[in-house]
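Visitor: Provided below are the primary sequence and the corresponding predicted coordinates.
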Amino acid sequence: MTRSSLAVSVDGKVPSTLPANAIEVDAGVALPVAYGGLRKILLACEDAAPDTVRALAKSRPAEWNRLFPGSLKGAPDLADLALTPSERRLHRESEQSFWVINLAARAIVEALRASGRPLVVHGAGECDLVSLRTLMRAAEWGRLEQLESQILLTGWHVRRPHYAALFESRRRAYLDTLCDRMRAPRPGSEVGPTSSRPLEPAVDLEGQYLQAVIDEERPLEHRIAASILAIRGCFFTTNYEGAQLAAERGLALIDAAGSDFSSARVAEGWDSLDTGFTTPAIEIDRDSLGDAEELRALLERSIGVVHVFTGLHDEALEAFARGLERNISPERRAQLHMYRALTLIKRLGNLPNARAEIEAGFAAMEGRQSDARSLHEGWLRNVYALTYFQDKKLEQAMVEEKKAMRCVGDLHDASATHLKINLISNASVLQETAKMYADAITTWRRFEKLSEKWGENFSKHHRYRLAGLQLAAGERESAVENYTAAYESAGRLGDPLHSQVISAELGRMYLEEQPATSVRWFTQAVDFSRTLGDPLRLAQSLAGLALAEGRTDFSDALRCAQASTTGMKETQELIAALSGGEPEAVRRVLPKPRSKLNRPFDLVNL
């Protein structure tokens, strides 16, 4: 008998009849603070299945402490275990958000299983998108495990009292995507009423900053400072709606200040709110402050970055252009041209216009001599190299990378160090693309000489890429050694995602000549896939294991693939191969070892 799987339904309002004995929770929030709704859901799940949820929390303390700051003493910092997005590279992928959302999704699934009760989430239309992405992840996980339960989301059409006007149409599109990913019929696209939901106490810094932005009792310039700090916080939780709200309000507050605007009072507000946190992943710190024009440009830049991350590329270019209309420093002008160039290259494939933006950035700083000028020229040169790389003009790309390195060779601040790391990596990629594998290996190994303090997470990525280059160079034995070292680093980090990736790829690597070794690796890949709750990866690993064992029954793998709503092109190719039952066709669609370990976190992305 076929077991039913988790059923998800969405209602624009609140239906008159609800599932019996449900775990009911109002997950709406007045402000779009990341995890705001999710915290309520998890507390309700903990009440329903306390032992189950608490055991999961203790098993992943770094992630749980990100959800409930300070709740578990002695927990490691998630930043030491997982990577963030990168504003400088317009790279939205966040390993940190992935781990937090995946843990929370597992807690929801296990609570439903342990309690035997359905889940009713009220206020869903007012819930933050990061929390709703967790329910999407839980729905896919529940389908994979054929969990006999139900999730009902109500109030889908209701809007919260505080929302980002510029983000509203994008939010509606995301809500439709969420329905599709949860395999729930869309309840229509009408826009419902706006609630009068009150603010709730802030749990983390992001919540504190967003509340400060709308607090009319605070000095106006302090609210402007809070808007910039909120943008920084939202960047790390991939909370695009919160960042957009903060930027919109910040611009409105600057306009409201008019001629009474005081840079000194903004700096005073910053000092009263900031915790001293800095990172090159997003260049927002005290040095980012300035007069009203400089702050307007910074806020427009932030709006542009949000648009890039959410796929609105023309709107992103317009936001960066609005920043350029301001009376700002040559260096900030050059930076905005760089963001326009990156968008044109990475999202729109318009290389001629990208080069024109870079040249405009150079022109803006012409005649200036300073460390700041050198740094910004270095970043522009790095982006210039990217245009040549995309054009397959590898020698010219390398020339620009070397010029960029000369710009920052004597600089040692966080941004310059960040750029140097990028440049070494990019030079290695250029050499790899030119099939100069020995040179690429030598360049890549420069990281080993830069510092003896690289952590386990760096080692994981470094060894994986080194292995990929060695494999391309025909150094198979060394490649296996370094793939295995990367796998071991992932294990020490408690990282089942990259453990699964590497074990599945090694299983594929040994499939033809050493099937027994392939069986061992694919068996581990299957186990890690189940830990992740990833239907696609589990289907791939089960298919590989069947091939390694000489079996042609792919029914288990096919069932898992059919539960996936992530990476649909890859999923459909796998389903087609599995349905055909031809071993060679199945083998062709299995993941092969690569030279970069980064993977998109599509399980939790919209």
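Guide: Everything's here; your move.

Visitor: how about the strands of the stretch 51-200 of the chain, start to end?
Guide: 119-122, 150-153 (DSSP state E, counting those that start in this stretch).

Visitor: redo the ones you listed as JSON lines? Include mean pLDDT.
Guide: Shown next, in JSON lines, are those (pLDDT from 0 to 100):
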{"stretch": "strand 119-122", "mean pLDDT": "98"}
{"stretch": "strand 150-153", "mean pLDDT": "98"}
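
Visitor: out of those, flag the one nearest residue 412.
Guide: Proximity to residue 412 (C-beta to C-beta) singles out strand 119-122 among these, at 49.2 Å. Bear in mind the C-beta positions are built from the backbone N, C-alpha and C, glycine included.

Visitor: strand partners (parallel or antiparallel) of that closest one?
Guide: Paired with strand 119-122 in the same sheet, following DSSP bridges, are strand 23-26 (parallel), strand 150-153 (parallel).

Visitor: which one, of the strands of the stretch 51-200 of the chain, ends up nearest to residue 208?
Guide: Per C-beta to C-beta, nearest to residue 208 of these: strand 119-122, 25.1 Å.

Visitor: ok now the closest one, how far from the chain's centre?
Guide: Chain-centre distance of strand 119-122: 26 Å, with C-alpha atoms, centre = their mean, to the nearest Å.

Visitor: hmm, who's touching it?
Guide: The contact list for strand 119-122, computed with C-beta atoms under 8 Å, 6 or more residues apart in numbering, reads 14, 18-19, 22-28, 37, 41, 44-45, 108, 112, 127, 135, 149-155.

Visitor: where does the stretch 1-150 of the chain dip in pLDDT?
Guide: 1-4 (pLDDT under 70).

Visitor: what distance do you get for the closest residue to residue 381 other than its chain neighbours to residue 43?
Guide: Here the nearest residue to residue 381 in space, its sequence neighbours aside, is residue 404; by C-beta to C-beta, 6 or more residues apart in numbering that works out to 3.6 Å. Distance check for residue 404 against residue 43: by C-beta to C-beta, to the nearest Å, it reads 49 Å.

Visitor: mind showing which ranges of the chain have poor pLDDT?
Guide: For the chain, the ranges with pLDDT under 70 are 1-4, 451-453.

Visitor: recalculate using a threshold of 80.
Guide: 1-5, 189-191, 277-281, 449-454 (pLDDT under 80).

Visitor: if we can go back for a sec, buried only: go through the contacts of strand 119-122 for me.
Guide: For those, a burial check counting by 16 or more other C-beta atoms under 10 Å picks out 19, 22-28, 37, 41, 44-45, 108, 112, 127, 135, 149-155.

Visitor: helix or strand: which one has the closest residue to residue 140 other than its chain neighbours?
Guide: Setting aside the residues directly before and after it, residue 140 is nearest to residue 565 in space (C-beta to C-beta, 6+ apart), at 5.7 Å. Taking DSSP states H and E as the definition, residue 565 sits outside all helices and strands.

Visitor: thinking again about what came up before, now the strands paired with strand 119-122 in JSON lines, with distance to residue 254?
Guide: Supplementary listing: those in JSON lines, determined by distance: least, C-beta to C-beta, whole Å:
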{"stretch": "strand 23-26", "distance to residue 254": "35"}
{"stretch": "strand 150-153", "distance to residue 254": "37"}
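
Visitor: what's the closest of the ones you listed to residue 449?
Guide: strand 150-153 (51.8 Å).

Visitor: have a look at residue 404 and residue 43 and say which one is more surrounded.
Guide: residue 404 (26 against 13; other C-beta atoms under 10 Å).

Visitor: need the three-state assignment for that one.
Guide: When classified by DSSP: H, G, I helix; E, B strand; the rest coil, residue 404 comes out as helix.

Visitor: residue 245 now?
Guide: Relying on three-state DSSP, one would call residue 245 helix.

Visitor: isn't it right up against residue 162?
Guide: Yes - between residue 245 and residue 162 a contact is recorded at 6.7 Å, counting by C-beta atoms under 8 Å.

Visitor: of these two, who's got more company?
Guide: Just comparing residue 245 and residue 162: by other C-beta under 10 Å the higher neighbour count belongs to residue 245, 27 against 21.

Visitor: roughly how far apart are that one and residue 605?
Guide: Taking C-beta to C-beta, one finds residue 245 at 20 Å from residue 605.

Visitor: what's the answer for residue 332, then?
Guide: 30 Å.

Visitor: ramachandran angles for residue 276?
Guide: phi 90, psi 10 (degrees, to the nearest 10).

Visitor: how many other residues sit next to it?
Guide: For residue 276, using other C-beta under 10 Å, the count is 7.

Visitor: ok, now the one 10 residues further on?
Guide: The criterion is other C-beta under 10 Å. On that basis, residue 286 has 13 neighbouring residues.

Visitor: repeat for residue 599
Guide: Residue 599 - counted by other C-beta under 10 Å - has 16 other residues nearby.

Visitor: contacts only, for it.
Guide: 497, 501.

Visitor: same deal with the one 3 residues further on?
Guide: Listed by C-beta under 8 Å, 6+ apart, the contact partners of residue 602 are 566-567.

Visitor: just say helix, strand or coil for it.
Guide: Going by three-state DSSP: residue 602 is coil.

Visitor: how close does it sit to residue 151?
Guide: For residue 602 relative to residue 151 (C-beta to C-beta), the value is 21 Å.

Visitor: ok so, going back, need the overlap of contacts for residue 245 and residue 162.
Guide: 31-32.

Visitor: residues in contact with residue 149?
Guide: 6-7, 112-113, 116-119, 142.

Visitor: hmm, 7 Å instead?
Guide: Counting by C-beta atoms under 7 Å, 6 or more residues apart in numbering, residue 149 touches 6, 112, 118, 142.

Visitor: where do the helices sit along the stretch 451-600 of the chain?
Guide: With DSSP state H, counting those that start in this stretch, the ranges of helices along the stretch 451-600 of the chain come out as 456-472, 476-492, 496-509, 515-532, 535-548, 555-562, 568-580, 583-588.

Visitor: the first one vs helix 496-509, what angle?
Guide: Angular relation of helix 456-472 and helix 496-509 on a 0 to 180 degree scale: 20 degrees, by axes from the mean of the first three to the mean of the last three C-alpha atoms, to 10 degrees.

Visitor: run through who's touching helix 456-472.
Guide: Under C-beta under 7 Å, 6+ apart, the answer for helix 456-472 is 80-81, 432, 437, 440-441, 444, 447, 478-479, 482-483, 485-486, 489-490, 492-493, 498, 502, 593-597.

Visitor: okay if I get the strands of the stretch 51-200 of the chain as JSON lines plus distance to residue 274?
Guide: Below are the strands of the stretch 51-200 of the chain laid out as JSON lines (distance: least, C-beta to C-beta, whole Å):
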{"stretch": "strand 119-122", "distance to residue 274": "35"}
{"stretch": "strand 150-153", "distance to residue 274": "37"}
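
Visitor: right, and those - which one's nearest residue 324?
Guide: Going by C-beta to C-beta, the one of these nearest residue 324 is strand 150-153, 41.8 Å.

Visitor: which residues sit against the closest one?
Guide: 6-11, 18-19, 118-121, 124, 135, 139.

Visitor: re the thing from before, out of the helices of the stretch 451-600 of the chain, nearest to residue 426?
Guide: Closest among these, once you apply C-beta to C-beta, is helix 456-472, at 12.4 Å.

Visitor: can you pull the buried residues of that closest one?
Guide: Quick answer for helix 456-472 (16+ other C-beta under 10 Å): 457, 459-472.

Visitor: can you check stretch 348-367 too?
Guide: Neighbour-count burial for stretch 348-367 [16+ other C-beta under 10 Å]: 350-351, 354-355, 357-358, 360-361, 364-365.

Visitor: now, those that are in helices?
Guide: 351, 354-355, 357-358, 360-361, 364 (DSSP state H).

Visitor: from those, which is closest to residue 53?
Guide: residue 354 (48.6 Å).

Visitor: the closest one contacts residue 343, doesn't it?
Guide: No - between residue 354 and residue 343 there is no contact under C-beta atoms under 7 Å: 8.4 Å.
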